[in-house]
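Asker: Take this sequence and fold it.
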Amino acid sequence: MRLEYYNASPAAYKAWFAVEQYIRGCGLEHGLLHLIKLRASQINGCAFCVDMHSQEGLKDGDSVRRLFAVSAWRDTSFFSPRERAALAWTEALTQLSQQPELDAVYEDLKAHFTEKEMVDLTVAISTINGWNRLSVGFGAQPKD
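Answerer: Got it, this is the predicted structure:
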């Protein structure tokens, strides 16, 4: 690890973790949160977070088969329409530099989530992208 960011700036870590705590209690299904965190982490190449969120998903009762298929979610029938909308939103917001067409993705999201849920989901996506940047940038690695 290049830098133990949680020790280097405890106040920043505490603030970031407070947002994470909000997300965990906001009412979105924990299984859904694992899926979006796993997908964003795959896109961002964050091995630490891919490992963490796949393990958490298993612990919370998701199947190995579904977790393995997250990277190809469009090509399977394993995910509900709500999960698909969340995964599409996750990909669009995680890949902003590719200038995705957000209108269609947003309309699908709106069909499956309340306004509060859409904001909370977006905060969750933003937060995992931040965690990915901390972990990749400072060299966090999954434990063997």
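Asker: Torsion angles phi and psi at the residue nearest the centre of the chain?
Answerer: Nearest residue to the geometric centre of the chain (Cα atoms, centre = their mean): K37, 1.9 Å. The phi/psi pair for K37 (degrees, to the nearest 10) reads phi -70, psi -40.
Asker: Residue numbering should commence at 13 henceforth.
Answerer: That works, and once the first residue is 13, the last one we named lands at K49.
Asker: Let me see the contact set for it.
Answerer: By Cβ atoms under 8 Å, 6 or more residues apart in numbering, the contact list for K49 reads 61, 65, 136, 140. In short, each C-beta sits where N, CA and C put it, glycine included.
Asker: quick one: it and A23, what's the gap?
Answerer: In this structure, K49 and A23 are 24 Å apart, going by Cβ to Cβ, to the nearest Å.
Asker: Turn the contacts of K49 into TSV, columns for secondary structure.
Answerer: As requested, those are exported to TSV (DSSP: H, G, I helix; E, B strand; the rest coil):
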residue	secondary structure
C61	helix
H65	helix
A136	helix
I140	helix
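Asker: closest to L44 among the residues you listed?
Answerer: Nearest to L44 out of the contacts of K49 is A136 (Cβ to Cβ; 8.9 Å).
Asker: I55 and E103 touch, don't they?
Answerer: Yes - using Cβ atoms under 8 Å, I55 is in contact with E103, at 6.7 Å.
Asker: what about the two, which has more around it?
Answerer: Ranked by neighbour count (other Cβ atoms under 10 Å), I55 and E103 place E103 first, with 20 against 15.
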